[in-house]
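> for reference, the sequence and a predicted model appear below.
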Amino acid sequence: MDFYLNFAAYQLNTRMSGNSSSVTSILDQLSASGHKKVVFCNDPDTGLKAIIAIHDTTLGPALGGTRMWNYNSEAEALEDVLRLSKAMTYKAAISGLNLGGGKAVIIGDSRKAKTEALMRSYGRFIKNLNGEFVTAEDMGTTTRDMEYIRMETNHVTGVPESIGGAGDPAPITAKGVFLGIKACVKEVYGTDMLAGRSVVVQGIGNVGEHLVDLLRKENVEVYVSDINEERLQQVARKYKAKAIEADKIFTIGADIYAPCALGATVNDKTIKKMKFAIIAGSANNQLGDEELHGQLLLDKGILYAPDYLINAGGLINCYSELTGFGKKRTMQLTENIYNATREVIKLSKAENIPTNLAASRIAEKRIADIKKIKSSY
Ligand code: NAD
């Protein structure tokens, strides 16, 4: 069955159809973002349409989740996978892991279009990459899907604990976020004791609830917000947290804002209203515009813990599964998020640059340094 369509073939097909401008723009896009390889997967028999993006493999195989989403267009799917795979390179690099950055998207409605055959067909595309890309769960995919992929290839993590996986990453992610908060509190208040501080946790799903638990155990005053009203009341009761309405988040006088739901919640509109001293949460891509909003936060004196640094617990969990590290080593690597956050803050202060820029510089330096030693064998 000829279902493997790689990027070279995609280029060729597009050229043959006379649409050379879109080839140029895709390749320009890859050059601009520094991507190594993009694989377009097409299997008419199962309906699979997926894009695997490998950003950088200097430090190791590109690891990234597979997101299944009903994108409005292929261009939108490509843009998403390029952005997400690049972020994975930075997340792995700053976390000290020997992993590169990658990500994949399957185009389609995960509630309707997902079948065993589709996931296994996708698994074969991963297999053909011979370990250059390793995947895991993301939005729209589950541990069950990872099991289907595992039927075709070993290059998958996030399988259930019962078949050798490292289990639910959410508690580890929450622990990393908690330590990131502590590192920021140390900077702002001179001690990392959290008792008496106040935190707004936006989104009390898998990660958010674990974070609320850790914070309450340290006697932090916790405000919670979630669009799921039933869950909101249940979690608020269980941890003695204060449930607040979504539109109160940015006006409340709490010390810390922990975004644990959506991306881009730190933007022109919200920054204006914020009275927080610290922003530190698990959500990916918290800044609406990296450059602009990182600088605005610095100008306003709000300390921002770069999202990909403090939410790396999930990736660390996958890395442990891949390398066979046990829970102890997973926890050690996660605990290092405290020191890594302190290091980012130190560089940000020394150079008077936003913390997100300081984090990128540290990640890029590690990749450049390792690239040099690799050429000396
Ligand atoms: P989840 O789906 O379990 O929880 C998200 C919660 O946010 C849900 O309860 C949802 O109702 C709520 N929510 C959605 N929109 C909201 C809004 N506008 N206001 C308030 N609440 C809203 O997801 P999760 O696994 O807890 O992940 C949370 C965030 O952390 C996501 O952005 C995810 O990408 C990121 N993240 C998660 C992990 C992990 O290990 N699970 C790792 C790294 C990053």
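Here it is on my side, so go on.

> from this structure, which residue is nearest to the ligand?
Taking C-beta to the nearest ligand atom, the ligand has its nearest neighbour within the chain at Gly205, 1.7 Å off. To be clear about C-beta, it is placed using only N, CA and C from the backbone, and glycine gets the same treatment.

> ok, now how distant is that residue from Asp109?
Counting by C-beta to C-beta, to the nearest Å, the gap between Gly205 and Asp109 amounts to 21 Å.

> and those two? which has more neighbours close in?
Neighbour count, other C-beta atoms under 10 Å: between Gly205 and Asp109, Gly205 has more, with 15 against 11.

> off-centre distance for stretch 166-183?
The chain centroid and the centroid of stretch 166-183 are separated by 13 Å, computed with C-alpha atoms, centre = their mean, to the nearest Å.

> surely Asp45 touches Ser121?
Yes. Assessed by C-beta atoms under 8 Å, Asp45 is found in contact with Ser121 at 7.3 Å.

> those two: who's more crowded?
Under the neighbour definition other C-beta under 10 Å, Asp45 and Ser121 were set side by side, and Ser121 has more, 23 against 10.

> phi first, then psi, for the more buried one.
Backbone geometry at Ser121, expressed as degrees, to the nearest 10, gives phi -60, psi -40.

> tell me the domain boundaries of the protein?
Under the assignment named as automatic domain parsing, the residue ranges that make up the domains of the chain are 3-88+99-163, 170-364.

> with mean pLDDT added, can I get those in JSON lines?
Formatted as JSON lines, the entries for the domains of the chain read as follows, by pLDDT from 0 to 100:
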{"stretch": "domain 3-88+99-163", "mean pLDDT": "87"}
{"stretch": "domain 170-364", "mean pLDDT": "96"}
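
> and the residue sitting nearest the centre point of the chain, which of the three is it?
The structure's the chain has its C-alpha centroid closest to Asn284; by C-alpha atoms, centre = their mean the separation is 5.1 Å. Reduced to three states with DSSP: H, G, I helix; E, B strand; the rest coil, the structure at Asn284 is coil.

> got the contact list for it?
Asn284 is in contact with 84, 87, 263, 307-308, 311, counting by C-beta atoms under 8 Å, 6 or more residues apart in numbering.

> ok, now Ala93?
By C-beta under 8 Å, 6+ apart, the contact set of Ala93 is 59, 363-364, 366-367.

> keep those, but drop any that are not near the ligand.
Of the residues in those, proximity to the ligand by C-beta under 6 Å from any ligand atom holds for none.

> show me which of those are buried.
Using 16 or more other C-beta atoms under 10 Å as the burial test, those include 59, 363, 366-367 as buried.

> for Leu347, state which of those residues is nearest.
Using C-beta to C-beta, Ala363 comes nearest to Leu347 of those, at 11.5 Å.

> ranges for the strands of this structure?
Taking DSSP state E as the criterion, the chain contains strands spanning 37-43, 48-56, 62-69, 100-107, 133-136, 198-202, 221-225, 242-243, 256-259, 278-279, 303-304.

> elements contacting the third one?
Looking back up the chat, that one is strand 62-69. strand 48-56, helix 74-94, strand 100-107, strand 133-136, helix 313-323 (3 or more C-beta pairs under 8 Å, 6 or more residues apart in numbering; DSSP states H and E).

> could these go into JSON lines alongside distance to Gly167?
Converted to JSON lines, the helices and strands packed on strand 62-69 look like this (distance: least, C-beta to C-beta, whole Å):
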{"stretch": "strand 48-56", "distance to Gly167": "25"}
{"stretch": "helix 74-94", "distance to Gly167": "20"}
{"stretch": "strand 100-107", "distance to Gly167": "22"}
{"stretch": "strand 133-136", "distance to Gly167": "12"}
{"stretch": "helix 313-323", "distance to Gly167": "8"}
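
> ok so, going back, which of the contacts of Asn284 are buried? Put it as a PyMOL command.
A single PyMOL command suffices to select whichever of these are buried according to 16+ other C-beta under 10 Å:
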select buried, resi 84+87+307+308+311
